[in-house]
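**Student:** how would this look folded up:
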Amino acid sequence: MKKLFLTGLVSLLVFSCSKKENSEVQSTDSGDVPTPVVANVSGQTLIESSDCMACHNADERMIGPSYKEIAAKYSEKDIETLASKIIEGGSGVWGDVPMQAHPQFSKEDAKKMVEYILKQKK
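**Tutor:** Here you go, the predicted model:
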């Protein structure tokens, strides 16, 4: 039963952690994943226009940790690492449920998102 629940949860995460529709994307000739066309957008806006809020909340743990929990655990020296985790995905730090990869974000945009999250320190 537990395995069936986790399988369903992971399936839900894969579905819910896909890029939102209606976002403008820039196609690539190399066959890479398209990247959003974003000009000088804040980390908060990037988060709110993505699927982050399906698993995360500013104040309370949901499927993933809250932004305040993340901010309490990490500092500015971790921006590069956390930006890579947004893009590549990750697992094991906050439990058994992995965070899906978000390759549609550039490293610069992922860093903006992390900087916003780190400002949520209690």
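
**Student:** quick one: the helices in this structure?
**Tutor:** Using DSSP state H, the helices found in the chain span residues 2-16, 43-48, 67-73, 79-88, 107-118.

**Student:** tell me the most buried of these?
**Tutor:** Of the helices of the chain, the one with the most neighbours on average (mean count of other Cβ atoms under 10 Å) is helix 107-118, at a mean of 20. Placement of C-beta: from N, CA and C, glycine included.

**Student:** residues in contact with it?
**Tutor:** Residues outside helix 107-118 that contact it (Cβ atoms under 8 Å, 6 or more residues apart in numbering): 36, 38, 41-44, 46-47, 52, 67, 70-71, 74-76, 78-80, 82-84, 86-87, 102, 105.

**Student:** what of stretch 83-96?
**Tutor:** With contacts defined as Cβ under 8 Å, 6+ apart, stretch 83-96 is touched by 6, 64-65, 69, 97-103, 105, 107, 110-111, 113-114.

**Student:** low-confidence ranges in the chain?
**Tutor:** For the chain, the stretches flagged by pLDDT under 70 are 1-39, 122.

**Student:** make it 90
**Tutor:** By pLDDT under 90, the weakly predicted segments of the chain are 1-41, 121-122.

**Student:** what's the closest of the helices of the chain to N57?
**Tutor:** helix 67-73 (7.4 Å; Cβ to Cβ).

**Student:** tell me what the closest one is packed against?
**Tutor:** Packing partners of helix 67-73 (3 or more Cβ pairs under 8 Å, 6 or more residues apart in numbering; DSSP states H and E): helix 107-118.

**Student:** tell me the angle of the helix it packs on relative to helix 79-88?
**Tutor:** Angle of helix 107-118 versus helix 79-88, following axes from the mean of the first three to the mean of the last three Cα atoms, to 10 degrees, is 110 degrees.

**Student:** what's the closest non-adjacent residue to L82?
**Tutor:** Of all residues not flanking L82 in the chain, V114 sits nearest, at 4.4 Å (Cβ to Cβ, 6 or more residues apart in numbering).

**Student:** look up how far G90 lies from the one you found.
**Tutor:** Counting by Cβ to Cβ, to the nearest Å, the gap from V114 to G90 is 13 Å.
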